[in-house]
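1. Sequence below, structure please.
(chains A and B)
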Amino acid sequence: MTRPVRSLLVLTALIVGAIVTATPLLWMISASFMPTGEATTYPPRLLPSHATAEHYRDLFSRLNFGRTFLNSTIIAGGTTLISVLLNSMAGYAFAKLKFRGRDRLFAFLIGALAIPLQVGMLPLFLFLKSIHLVNTYWGVMMPSLATIFGIFLMRQFMIGIPDEILEAARMDGASEMKIYRRIILPLSIPVIVTLAIFQFMSIWNDFMWPLIVLTDNAKYTLPVAIANLVGEHVQDAELMMAGSVITVLPVLLLFLFLQRYYIAGLMAGSVKG
Amino acid sequence: MRSDARAAALFLTPAMVIIGFFFLLPAAAAFLLSLTDFDIYALGDIHNVRLVGLRNYHDLLHNAVFWRALLNTIYFTLVGGPLTVIVALGAALLLNAKAARWKSLFRTIYFAPVVTTIVAVAIVWRYLYHPRFGLFNRVLDLIGIGPIDWLGDTRWAMPAIILLAVWKNFGYQMIIFVAGLQSIPEELYESARIDGAGPWQQFRHVTVPMLAPTFLFVGIITAISFLQFFAEPYVMTRGGPLDATLSMVMLMYEQGFRWWNMGNGAAIAFILFLFIIGGTLLQLWVQKRRA
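-> Residues are numbered from 1 along each chain as shown, chains lettered A, B, ... in the order given. Next comes the predicted model:
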């Protein structure tokens, strides 16, 4: 095979793959702008005959999606902020502070990574019920406020911060809290951004746990709300596509703008798994 | 040696409390819960709980629906997992080819499904699979194949969900394969070429062995995440038709949170956990034997 023929083959395969991969998402966006009924015609349409935003209006005005969007934002945003704080503190302790049993505790946590979240969900629900956190934002957020993966990511990064800087600060009488705030945090911005994106996306996309914890429509997150909506509105394909766009778009945009950090975190996580 | 025990306690306690109370203790408690008959009456009054030993496990093993869910989960994992890995490797090879252009654009497109919300894309795919108006049957129609009732036919529902899972997940494995491919020294390919190896032989005798650790990692994470599938059947089929797509996690959810048979649900969760550990150990063992 000559070189130009091979390049052409590779490029063709890449383009076909890209079309196949992108079609479901593009069709979702296109169908969300179709007039009612147009997404369920034969033969199926790829583009709206004329674009309309009526389904988006419908979602926000009639189906209270503004509130739902806000719920998702508060839960994902709040979890992200707190978990970055708690994970970075713990990561600092594991990376730079010396105490008895440190490495054993860390190894234990890494081992516990093998336990899937679902295993503890039933007892966790009963625990939340006993402390009256069922059907609250906090109930959804609690299990993600500190994560082993987050601590691991932080520790791996902070180990690379030279000890000399910290020693010099200690000589000057800085407390560990001050060192953490003034030296560790500013130097860890890249990994903090990475963890923040990961956290935000995984909480935003999470379905099973908010489905279990939230019982009240007004508190639903977007995935729970659209899964609920599809039950009653399965005929309204265009409406459901608009709901899907609202759910997917924020995380998709976040990824497009910050993918450098996202991929970095993905690779860091895969070094040790 | 300097000891920072006091500072360490301050920095660690918040995270450890969260992980302990909201992750580790519940996971341990799940096993205890699975030894009880905790149900809706116990939810009302805790005094109604009794220890029943392994009865929940015994009941599950004699329950046809549980076996259905178990076999479905194994089917989904053993077919969907390898399929995802193959597509991911193919995409990674294309992206890594010298002849490839606009690599970062293609990488972004291939990766995009990974970051999307599974519930939302499962809803989208539900319409794509529509027997009359869906794009899938339209494409089949154009090449002369009759319509398939993707989600309504017991034979096709699981393949349909697997196809969605492959599309949704392959980008993640692809990124890891690309990194693995880039870490293979170019000299190995050169000396293979000098020995007269063609592209296929280079792939077989250089790429595949050099990627072995990557395969192990990708295989384990894929198996773990596939064993836990839930949102796809929940949104697309509700586990049907005739339980053809009912998964272990979905059965646990139904038993535990819909019917409040929490002892029974915990036993399902624990069996799933054993499968995840078992699958991980099996892959490590296979890899060790081949090395």
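
2. going forward, measure contacts and count neighbours with C-alpha atoms only.
-> Fine.

3. Tell me where the model's unsure across the chain.
-> Since no chain was named, I'll use chain A. Across chain A, the ranges flagged by pLDDT under 70 are A:1, A:269-273.

4. oops, I was thinking of chain B
-> B:1-3, B:291.

5. Can you get me the centre-to-centre distance for the helix or strand harbouring A:L128 and its chain?
-> According to DSSP states H and E, A:L128 maps onto helix A:121-130. Taking CA atoms, centre = their mean, to the nearest Å, one finds helix A:121-130 lying 23 Å from the centre of the chain it belongs to.

6. Only the buried residues of it, if you could.
-> A:121-128 (16 or more other CA atoms under 10 Å in any protein chain shown).

7. how about that helix against chain B, any contact?
-> Yes - applying CA under 8 Å from any CA of the partner chain, one finds that helix A:121-130 is in contact with chain B at A:121-124.

8. from what I can see B:V49 touches B:I40, true?
-> No - between B:V49 and B:I40 there is no contact under CA atoms under 8 Å: 10.0 Å.

9. and B:T36, backbone torsions?
-> When read as degrees, to the nearest 10, the backbone of B:T36 gives phi -120, psi 170.

10. Let me fix that, I meant to ask about A:N64.
-> According to degrees, to the nearest 10, A:N64 has phi 60, psi 40.

11. Next, the buried residues of the helix ranked longest in chain A.
-> Once chain A is assigned using DSSP state H, the helix that runs over the most residues is helix A:237-272. Residues of helix A:237-272 classed as buried: A:237-248, A:251-252, A:255, A:259, A:261-263, A:265-266, A:268 (neighbour count, 16+ other CA under 10 Å).

12. Can you name the residues of the stretch 51-200 of chain A that neighbour chain B?
-> Close to chain B, as judged by CA under 8 Å from any CA, the stretch 51-200 of chain A has residues A:86-87, A:89-90, A:92-93, A:97-100, A:112, A:114-124, A:142-143, A:145-148, A:176.

13. From those residues, list the buried ones, please.
-> Buried, going by 16+ other CA under 10 Å: A:86-87, A:89-90, A:92-93, A:97-99, A:115-124, A:142-143, A:145-148, A:176, out of those.

14. can you redo the residues of helix A:121-130 next to chain B as CSV with distance to B:W102?
-> Below are the residues of helix A:121-130 next to chain B laid out as CSV (distance: CA to CA, whole Å):
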residue, distance to B:W102
A:M121, 44
A:L122, 47
A:P123, 49
A:L124, 47
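
15. which residue packs closest to the closest residue to chain B within the stretch 101-250 of chain A, ignoring adjacent ones?
-> Going by CA to the nearest CA, chain B is nearest to A:G120 of the stretch 101-250 of chain A, at 3.8 Å. Closest residue to A:G120 apart from its sequence neighbours, by CA to CA, 6 or more residues apart in numbering or on different chains: B:A27 at 3.8 Å.

16. Check whether that neighbour really touches A:A114, as I assumed.
-> No - contact criterion CA under 8 Å: B:A27 and A:A114 do not qualify, at 11.3 Å.

17. from the buried residues of helix A:121-130, which is closest to B:W259?
-> A:L122 (12.4 Å; CA to CA).

18. wait, what's in contact with the closest one?
-> With contact taken as CA atoms under 8 Å, 6 or more residues apart in numbering or on different chains, A:L122 is in contact with B:26, B:30, B:256-257, B:262, B:265-266.
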